[in-house]
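Engineer: Give the three-dimensional model of this entry:
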Amino acid sequence: MKIIVDAMGGDNAPLAPVQGALEAHRACGVDILLVGRAAEVLRALEQCGEKTLPAGVEIRDASEVVEIADDPATAFKMKKDSSLTVGLNLLKEGSGDAFVSAGSTGALLAGATLLVKRIKGIRRAALGPSLPVLGGQATLCDCGANAECTPEYLLQFAFLGSFYAKKVRGIASPRVGLLNIGAEEEKGDTLRHETFALLQKAQEEGRINFIGNIEANDVMLGGADVVVSDGFTGNVMLKTLEGTAKFLLKELKGVFLTSTKTKLAAAMVRGELGALKRQADPGEVGGTPFLGISKPVIKAHGGSDATAIKNAVLRAKEYAESGFIQEIEANIDYMRVRPQA
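Structural biologist: I've put the predicted structure just below:
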């Protein structure tokens, strides 16, 4: 297993990607291919205490970097020797089993779609992050890759999320819910109505375990294992959740610092508070897969530290070994909307 890592992607590059990749290499033995400006990558390795390349770690030089100000739709074309473009081409050529980057989400999606390509029959790739919910996690599909969607896109997102939950998360029969403004079938707009009918048909055929519409508050209470949404609505939900988690943790910290009594109480529950904080930390998950791309592409958070990159590499290994892509290829015929005769 070899994981290609964009050493120049993210706010803390190249040190965080290099350090995180090394930690993943030591933790699970995956080979690492670091892509980026070789001199800077070597300096980062020295900062990590490595005077020479460890066995199982390689460097591929790439002279350019996709910057945050670059046009996401064309950056990978305009900068053909960027770490992002070179890394995706290496994945396409079979020089690695998965690609991890904390760089531009838009550029990574565009490059993955046009270089690595989507699975044949998949209309749009979707971002499928894992949300911390009561009792575990829920896969949100999509959370920002596709702002405007058709019912067929959402049908495919449901299948992508369901197979991901089965193959990667190990859930035998994932509960699939359609994110909506109410649980009743008649709630929502035309997109939700038409998607509901398609998902209900798939459920009747035994293809997915569709449980109907689900509201955002029920998502957080663990009401579904997979939440289907257009990218616009899903992104609003994801960002709201992230902001709410930060708000509550800061408020909780303030409560525990108000008096000697509360400080003593904080000391007594320090371990539990640490676990709660980790549950809300995107870095603990590491990365989000682009579901529907023909090879594993993992997007790490732009502000990822070494721990987040390490976890993203571990997720990439898990994803590459799961058989998820092969499962989608085998079931693609059930994921299409055919025109009526």
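
Engineer: Going by C-alpha atoms from here, please, whenever you check contacts or count neighbours.
Structural biologist: Will do.

Engineer: Which residue ranges of the chain form helices?
Structural biologist: Assigned by DSSP state H, the helices in the chain fall at 15-28, 38-47, 75-78, 83-93, 105-111, 151-167, 190-204, 216-220, 231-256, 260-268, 270-279, 282-285, 306-321, 324-331.

Engineer: For residue 126, find the nearest of the ones you listed.
Structural biologist: Closest to residue 126 of these is helix 151-167 (Cα to Cα; 6.9 Å).

Engineer: Which elements pack onto the closest one?
Structural biologist: Helices and strands touching helix 151-167, by 3 or more Cα pairs under 8 Å, 6 or more residues apart in numbering; DSSP states H and E, are strand 136-141, strand 175-179, helix 190-204, strand 226-228, helix 324-331.

Engineer: worst average pLDDT in the helices of the chain?
Structural biologist: When these are ranked by mean pLDDT, helix 282-285 comes last with a mean of 64.

Engineer: Tell me which residue is most central in this protein.
Structural biologist: Closest residue to the average C-alpha location of the chain: residue 288 at 0.9 Å, with Cα atoms, centre = their mean.

Engineer: That one bridge partners, please.
Structural biologist: Taking DSSP bridges as the rule, residue 288 bridges to residue 299.

Engineer: Next up, the contacts around it.
Structural biologist: 127, 128, 129, 130, 298, 299, 300, 312 (Cα atoms under 8 Å, 6 or more residues apart in numbering).

Engineer: Just the buried residues of the residues you listed.
Structural biologist: 127, 128, 129, 130, 298, 299, 300, 312 (16 or more other Cα atoms under 10 Å).

Engineer: ok, of the residues you listed, which one's closest to residue 159?
Structural biologist: residue 128 (11.7 Å).

Engineer: how much space is there between the closest residue to that closest one other than its chain neighbours and residue 292?
Structural biologist: Nearest non-adjacent residue to residue 128, counting by Cα to Cα, 6 or more residues apart in numbering: residue 141, 4.7 Å away. Distance, residue 141 to residue 292, using Cα to Cα, to the nearest Å: 11 Å.

Engineer: The two: who's more crowded?
Structural biologist: residue 141 (33 against 28; other Cα atoms under 10 Å).

Engineer: So what pairs up with that one in the strands?
Structural biologist: Assessed by DSSP bridges, residue 141 has beta-bridge partners residue 228.

Engineer: For it, list the residues it contacts.
Structural biologist: 126-129, 157-158, 160-161, 226-231, 234.

Engineer: Pull up the gap between it and residue 172, please.
Structural biologist: Distance from residue 141 to residue 172, by Cα to Cα: 18 Å.

Engineer: Next: residue 144.
Structural biologist: Counting by Cα to Cα, the gap from residue 144 to residue 172 is 27 Å.

Engineer: Neighbour count: those two, which is higher?
Structural biologist: Shown here are residue 144 and residue 172; by other Cα under 10 Å, residue 144 has more neighbours (21 against 11).

Engineer: Pull the contacting residues for the closest residue to the more buried one other than its chain neighbours.
Structural biologist: Nearest non-adjacent residue to residue 144, counting by Cα to Cα, 6+ apart: residue 231, 3.9 Å away. Contact analysis of residue 231 by Cα under 8 Å, 6+ apart lists 126, 141, 142, 143, 144, 145, 146, 147, 148, 149.

Engineer: just the CA coordinates of stretch 218-227, formatted as PDB?
Structural biologist: Extracted in PDB, the C-alpha atoms of stretch 218-227 (Å, rounded to 0.1, in the frame of the first residue of the first chain):
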ATOM      1  CA  ASP A 218     -32.700  14.500  14.200                       C
ATOM      2  CA  VAL A 219     -29.400  14.000  12.300                       C
ATOM      3  CA  MET A 220     -27.500  15.100  15.300                       C
ATOM      4  CA  LEU A 221     -29.500  12.800  17.500                       C
ATOM      5  CA  GLY A 222     -28.300   9.800  15.500                       C
ATOM      6  CA  GLY A 223     -31.400   9.400  13.400                       C
ATOM      7  CA  ALA A 224     -29.600   8.100  10.300                       C
ATOM      8  CA  ASP A 225     -26.300   6.600   9.300                       C
ATOM      9  CA  VAL A 226     -26.300   8.400   5.900                       C
ATOM     10  CA  VAL A 227     -27.700  11.800   5.200                       C
END
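
Engineer: Give me the buried stretch members for it, please.
Structural biologist: Buried residues in stretch 218-227 (16+ other Cα under 10 Å): 219, 220, 222, 223, 224, 225, 226, 227.

Engineer: next one: stretch 256-267
Structural biologist: Within stretch 256-267, the residues that count as buried by 16+ other Cα under 10 Å are 256, 266.
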